[in-house]
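Enquirer: pasting the sequence and the predicted coordinates here, then a few questions.
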Amino acid sequence: MNHPVNRLFVVVGSASVVALSLQGCGVSTAPNTNIAPRPDQVEITITPQVIQPGMAAFVKVVSPSADSISLESLSGLDRFWEAGPVLRAQVGSEFGDTIAGAQYAVRERGQLLDLLKKPMKIVVCRRHDCREFYRELAVRLPERNERSVAVTMGGSTAFTKRAVTSRDKSVLLKEALNHSMYDLQAELATGGLNVRLQGFLGSDYRGGSLDVSRQISRMGEGLSYGLAMHVAASQAAWLPVDQSAILSRSTAYRASIGPSIMIKGLTASSQIGIYTDGRSTMQEVSTFLSLNGGLTEVRSPVTVTVEKTFAFGGEPMIPRRQDQVERLTVGVNLIRDFALRLGMTTHRSAWPTKDQATDLRASEIYYTLGGQFTVSW
């Protein structure tokens, strides 16, 4: 039976930190190795040979003549023991650590040193005669991302379907077309402050937004609670204003505020605010999620933006004046700093008239496919 010994909670000084090596010399990390000759053969297997932080390796030690086998860290905090000729243990990436917290790779003379080798002591006993052997657990460390500013420029082709109808099914506009869209985004992420400024331009649709999230208190390692603010302006120049005086091509403005959850490079927030297009002012509820993998603590090749807003007003119970936007944008790096960009946006609006049967409704759905280039520092 495998007997893992629980980790002890101890206070240690800097002099008691376990000696670990980055890409240093050591015993081979081959998956299956004989470390003692016959007849007292000892064979050890480590699968996989290299693990990532948060993962575990399966270690198997076999010695046919052994009465007991143990595996332990040099610090003594982690120990596995089993009677008999076989020991099986699941060893995590935190094996031997005396101080909690993430570890990162370092650079020395331009070379990335990201392989951390943790010594494992194997003790094989037979008739009260014990022998010690040493192997290493290899952990591939991530490189800490020191970048805090990213500027992204992109272009896409939008495949669009639009319609403006009334409640009695009469059609004012219905079309499907392709058009180009361009956008520019600047982002700052320091952990305590996340800021994103974005602008987009199409042939008949344009706008911009500013998102700011400020840390109020820390909730844990890398995670904090904050206050977020969103302001935006947009103009839809495709509405058929010549067919109805209710429709307008004026610029619409949004402003909202609410609590947020923050990690460096990531912000999630639910907000309340106001919407106005110069003719009517409505209350608005919204949800935002922004992830820039180029600015997170460990760099990743993905950027994601999710936005959902719903503005309503004009009636006390069932508002007839509405404006709703749902937007998803994903960028996946193909090569360094250049990414494939995919997106989907749905925009629905409703305008009341004197005769409820002729209330107007507009919908715009478009899918975008393009690329984006990012410069970060």
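Expert: That came through fine. Since the model is a prediction, treat every value here as computed from it, not as a measurement.
Enquirer: A105 contacts N145, doesn't it?
Expert: No: judged on C-beta atoms under 8 Å, A105 makes no contact with N145 at a distance of 11.2 Å. Bear in mind the C-beta positions are built from the backbone N, C-alpha and C, glycine included.
Enquirer: between these two, which is the more surrounded one?
Expert: Set A105 next to N145 and count neighbours by other C-beta atoms under 10 Å: N145 wins out with 19 against 16.
Enquirer: which residue packs closest to the more buried one, ignoring adjacent ones?
Expert: Closest residue to N145 apart from its sequence neighbours, by C-beta to C-beta, 6 or more residues apart in numbering: R299 at 4.3 Å.
Enquirer: K118 pairs with what?
Expert: Counting by DSSP bridges, K118 forms beta bridges with L137.
Enquirer: so how far is A105 from it?
Expert: Counting by C-beta to C-beta, to the nearest Å, the gap from K118 to A105 is 15 Å.
Enquirer: before we move on, what about T165?
Expert: T165 is 58 Å from A105, by C-beta to C-beta.
Enquirer: hey, what's the residue nearest the centre of the chain bridged with?
Expert: Among the residues of the chain, the one closest to the centroid is L291, at 5.6 Å (C-alpha atoms, centre = their mean). Going by DSSP bridges, L291 is paired in beta bridges with L266, V304.
Enquirer: thought it was touching I261?
Expert: No: here L291 lies out of contact with I261, judged by C-beta under 8 Å, at a distance of 11.9 Å.
Enquirer: and the residue nearest to the centre of the chain, what does it touch?
Expert: By C-beta atoms under 8 Å, 6 or more residues apart in numbering, L291 lies in contact with 265-266, 302-305.
Enquirer: against L266, how distant is it?
Expert: 5 Å.
Enquirer: quick check on L77: phi, psi?
Expert: The phi and psi values for L77, taken as degrees, to the nearest 10, are phi -80, psi -30.
Enquirer: oh, and call the first residue 29 from now on, that's how I've got it
Expert: That works, and once the first residue is 29, the last one we named lands at L105.
Enquirer: can you give me the neighbour number for it?
Expert: Using other C-beta under 10 Å, L105 has 20 neighbouring residues.
Enquirer: again with G219
Expert: Residues near G219, counting by other C-beta under 10 Å: 17.
Enquirer: with I300 instead?
Expert: Residues contacting I300 under the criterion other C-beta under 10 Å number 11.
Enquirer: and what of D383?
Expert: As a burial measure, D383 scores 10 neighbours (other C-beta under 10 Å).
Enquirer: same check on the one 5 residues further on?
Expert: By other C-beta under 10 Å, the residues close to L388 number 21.
Enquirer: that one reaches S198, doesn't it?
Expert: No: with contact defined as C-beta under 8 Å, L388 does not reach S198; the gap is 9.7 Å.
Enquirer: which residues touch G301?
Expert: G301 makes contact with 258, 282-285, 311-312, 314, according to C-beta under 8 Å, 6+ apart.
Enquirer: list phi and psi for it.
Expert: Here is the backbone geometry of G301 (degrees, to the nearest 10): phi -170, psi -160.
Enquirer: do you know how far it is from V78?
Expert: Separation of G301 from V78 (C-beta to C-beta) stands at 49 Å.
Enquirer: repeat that for Q350.
Expert: Taking C-beta to C-beta, one finds Q350 at 55 Å from V78.
Enquirer: so where's the stretch 129-278 of the chain shaky on pLDDT?
Expert: Applying pLDDT under 70 to the stretch 129-278 of the chain flags residues 249.
Enquirer: ranges for the strands of it?
Expert: Using DSSP state E, counting those that start in this stretch, the strands of the stretch 129-278 of the chain run over 134-136, 139-141, 143-154, 157-168, 177-194, 199-217, 221-230, 233-248, 251-264.
Enquirer: Provide the strand pairings for the first one, with the direction of each partner.
Expert: So that's strand 134-136. strand 139-141 (antiparallel).
Enquirer: what residues sit buried inside the partner strand?
Expert: In terms of neighbour count (16 or more other C-beta atoms under 10 Å), strand 139-141 has its buried residues at L141.
Enquirer: ok, now how distant is the nearest residue in space to G220 that is not next to it in sequence from P287?
Expert: The spatially closest residue to G220, leaving aside those adjacent along the chain, is Q243, at 4.1 Å (C-beta to C-beta, 6+ apart). Distance of Q243 to P287, computed by C-beta to C-beta: 12 Å.
Enquirer: between the two, who's got more neighbours?
Expert: Between Q243 and P287, counted using other C-beta under 10 Å, Q243 has the larger neighbour count: 17 against 14.
Enquirer: ok, Q350 and V78, which is more surrounded?
Expert: In this view Q350 and V78 are compared by other C-beta under 10 Å, and Q350 has more residues nearby, 20 against 15.
Enquirer: in this structure that one contacts H375, no?
Expert: No: counting by C-beta under 8 Å, Q350 does not reach H375; the two are 11.2 Å apart.
Enquirer: now the residue lying farthest from the centre of the chain, nearest residue through space, not along the chain?
Expert: The centre of the chain is farthest from one residue, R155, which by C-alpha atoms, centre = their mean lies 54.0 Å away. Distance criterion C-beta to C-beta, 6+ apart; nearest residue to R155, sequence neighbours excluded, is D95 at 6.7 Å.
Enquirer: L229 too?
Expert: Nearest non-adjacent residue to L229, counting by C-beta to C-beta, 6+ apart: Y210, 5.1 Å away.
Enquirer: S184 now?
Expert: Here the residue nearest S184, using C-beta to C-beta, 6+ apart, is G398, at 2.9 Å.
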